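Student: Need the 3D shape of this:
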Amino acid sequence: MRTGSDARRRIGLPLTTIALVGVVVVLAGLLAGCGEDGPPTIDYAVDARIDSYNANTVEGNANGVLMATTRMLPGFSYLGAHGQVTPDRDIGTVTPVPGSSLTLRYDFNRAARYSDGQAVDCDDLVLAWAAMSGRFPGFRPATTAGYRDIERVDCAPGEATATVAFARGRDYRDWLSLFGAGTMLPAHVVARMAGVADIVDPIRTGDQAVVGKLARAWNTGFALTPGSVDEQRFPSSGPYRIDRYSQSGGLVLVANDKWWGDAPKTSRIAIWGRGTDAEKRISDGSFDVADLTGGMTTDEVAPSGSTDETIQPLPQPNRALAVEELVLAQRGVFGDVRTRQAFASCVPRDVLARQFGQGAQLWNLRVLAPADNLAGQLNGAFGRAYARPDVGRARALAETTASTRSGPLRVRVGYLAPAARRQQMVATIAESCRRAGIDVVDAGSPDLAPSALGKDVDALLVAAGASFAAAGAANPSRDAYQLHGGDPLNLGGFQDPDVSAAIDRLAAADLAADRLELVRTIENAAWAAVPSIPLFAAPRVQRWGGRVDNVVAGLGRNGTGWNMDRWTVRD
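Tutor: Here you go, the predicted structure:
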């Protein structure tokens, strides 16, 4: 059997050729350990920037934090391998209550405890709703989708039951995903950081002063950086808890001895994200499982000691749950729709899909991904005017706004670096747009944040409208809010009342025919205003070594780590 380096020489293909969307590569490998006397360790490489315990802020969502926290902060559901919402009865049960509008009863498992011994209860649910409902000033959630439709939450502080009532006519179709994995942070920790005794009553009474303190703690109190980790600040309610975090050692998770469910099959997992030695490990092949954006590195992505003999292509691009796109700021150079149209006219979407889509077709929809059952009927009906570059149109449109700026139209395109494929994409766009007199600047940076859009960059290269890492879910309701006016997921600040109303109806529509018509309404308006430019199914590389079993590639925003507590090590 050949070693990993031998296998890479024998495969002899560049990453952009072999790293297909959703391709699951199962490779024989040697499992890395933490020393002869230590427990077996599974090394998991991800493209997430793990700088917070809170995956629900704009930054946490963009950075892909859920890829790390999904089995430390479980909820009433989780996203399975195909991004489908699956109930998680370890935390509790959700029961619809009969009535004229959607009402749900949440019953927490009375055995549920955080690793610090505190009970998991309805306080955590109330805090999650308050933070993501958009009703309470100060909180900075990634989106208000679904939570905005909840009229009230009935909960007695510290109790194991809560009743969630939705506003009449606002029966959110994807309700089972609410209060899912990663969404419920420890309310007792937030209360302690905010210096308050209780979080339920201030939220119920609308005490703005106290809620403001809670918001600040929720927004910023869970910053996570390599170095000393305060266990009291980051308690876990899942099968794993944080043990340590360092650049050279990764984010190390160990079994949570307070976990009441089935014990994790492997007691120790090291997660290697951006900001750690992940890139070196990827190039060296010293990892066991990887889930990365396609073309993150020019090196082969193969575990140590691996061969190519067990490569098994599974999901194809038509199974993807996220679309790679350029999100344009609605201010600065792109404050005028004509400049957005000019830029879209010179972006070589056909060339980008062919060269960088890794087998994916040109994609024209923003609110439906290739895996959606309705997508195939609609994709070809939109974006035709921008399928190929039209240099003459781009130049003419740019000239109509020349009086509003000094010099040529200059567009700064940002992406989270390093990312070899995206760097090459920006270079390809720049070459095409140069012929139209439009100057495209590579503004990729390892420090890039969503807040840079409209300030330091004019466009962002992201997946599903808002993510630098894994993105998407089988139900598109949440991701549709990337075009909803005022929603934080709408990074560019696009405003269209008709589109917002259509998205609200889409999130509650049950009939496929109704959803089809609403998607048409949204896409017609979006292609006219060009708040973003969809490109192709977001490519991902998902691989693991042969001595790790029960790994199943995850297609949603939680990534392949969705079932990491079931991963096992072969003897």
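
Student: rest of the way, CA atoms for contacts and neighbours
Tutor: Fine.

Student: quick one, what contacts Ala197?
Tutor: Neighbour list for Ala197: Ala191 [criterion: C-alpha atoms under 8 Å, 6 or more residues apart in numbering].

Student: Kindly recompute the last result at 6 Å.
Tutor: Ala197 makes contact with no residue under the criterion C-alpha atoms under 6 Å, 6 or more residues apart in numbering.

Student: roughly how far apart are it and Ser237?
Tutor: According to C-alpha to C-alpha, to the nearest Å, Ala197 and Ser237 sit 21 Å apart.

Student: Show me the residue at the heart of the chain, geometrically.
Tutor: For the chain, the residue nearest the mean C-alpha position is Ala471 (3.6 Å; C-alpha atoms, centre = their mean).

Student: and that residue, what pLDDT?
Tutor: Ala471 is assigned a predicted lDDT (pLDDT) of 98.

Student: State whether it and Asn558 are indeed in contact, as I suppose.
Tutor: No: the pair Ala471 / Asn558 is not scored as a contact, 7.5 Å apart, by C-alpha atoms under 6 Å.

Student: Residue ranges in the stretch 151-300 of the chain under the pLDDT threshold?
Tutor: 298-299 (pLDDT under 70).

Student: ok, which stretches of it are strands?
Tutor: For the stretch 151-300 of the chain, applying DSSP state E, counting those that start in this stretch gives strands covering 161-166, 240-246, 250-255, 268-272, 289-293.

Student: which SS class is the nearest residue to Thr163 once chain neighbours are set aside?
Tutor: Spatial nearest neighbour of Thr163, excluding adjacent residues (C-alpha to C-alpha, 6 or more residues apart in numbering): Arg105 at 4.6 Å. Classification of Arg105 using DSSP: H, G, I helix; E, B strand; the rest coil returns strand.

Student: quick one: contacts of stretch 547-558?
Tutor: The contact list for stretch 547-558 (C-alpha under 6 Å, 6+ apart) reads 29, 66-67, 81-83, 470-473, 560, 567-570.

Student: Now do it: distance to the chain's middle.
Tutor: 16 Å (C-alpha atoms, centre = their mean, to the nearest Å).

Student: 818 is where my numbering starts, stick with that
Tutor: Happy to do that; since the first residue is 818 now, the last one works out to stretch 1364-1375.

Student: What residues sit buried inside that stretch?
Tutor: Neighbour-count burial for stretch 1364-1375 flags 1364-1365, 1368-1375 (criterion: 16 or more other C-alpha atoms under 10 Å).

Student: Please apply the same query to stretch 1170-1177.
Tutor: In stretch 1170-1177, counting by 16+ other C-alpha under 10 Å, buried: 1170, 1172-1177.

Student: Which ones among those map onto helices?
Tutor: Among the buried residues of stretch 1170-1177, the ones falling in helices (DSSP state H) are 1170, 1172-1173.

Student: Tell me who's in contact with the closest residue to Pro1348 other than its chain neighbours.
Tutor: Among residues not flanking Pro1348 along the chain, Leu1145 sits closest, at 5.5 Å (C-alpha to C-alpha, 6+ apart). Applying C-alpha under 6 Å, 6+ apart to Leu1145 gives the contacts 1276, 1309, 1348-1349.

Student: So what does Leu1145 have for phi and psi?
Tutor: phi -100, psi 140 (degrees, to the nearest 10).

Student: how far away is it from Ala979?
Tutor: 40 Å.

Student: what's the answer for Arg930, then?
Tutor: 17 Å.

Student: cool, Ala862 as well?
Tutor: 37 Å.

Student: the more surrounded of these two?
Tutor: Ala862 (28 against 22; other C-alpha atoms under 10 Å).

Student: quick check, the more buried one in a strand?
Tutor: Yes: looking at Ala862 with three-state DSSP, it is inside a strand.

Student: Go ahead and report the secondary structure state at Gly1209.
Tutor: Classified using three-state DSSP, Gly1209 is helix.

Student: So what's the residue count around it?
Tutor: The tally of other residues near Gly1209 (other C-alpha under 10 Å) stands at 14.

Student: cool, and Pro1081?
Tutor: Number of residues near Pro1081 (other C-alpha under 10 Å) recorded here: 21.

Student: and the gap between the closest residue to it other than its chain neighbours and Ala1072?
Tutor: Excluding its sequence neighbours, the residue lying closest to Pro1081 (C-alpha to C-alpha, 6+ apart) is Asp1382, at 4.4 Å. Plainly put, Asp1382 is 9 Å away from Ala1072 if you go by C-alpha to C-alpha.

Student: what are the bridge partners for the residue nearest to Thr980, then?
Tutor: Thr912, Thr980 (DSSP bridges).

Student: And it, what's its pLDDT?
Tutor: 98.

Student: Mind pulling up the pLDDT for the residue sitting furthest away from the middle of the chain?
Tutor: The centre of the chain is farthest from one residue, Ser1220, which by C-alpha atoms, centre = their mean lies 39.2 Å away. Note for Ser1220: predicted pLDDT of 87.

Student: likewise Pro857?
Tutor: Model confidence at Pro857 (pLDDT) stands at 87.

Student: Also Thr834?
Tutor: Per-residue pLDDT puts Thr834 at 33.

Student: that older thread, just the buried residues of stretch 1364-1375: which has the poorest pLDDT?
Tutor: Within these, pLDDT is lowest for Arg1364, at 84.
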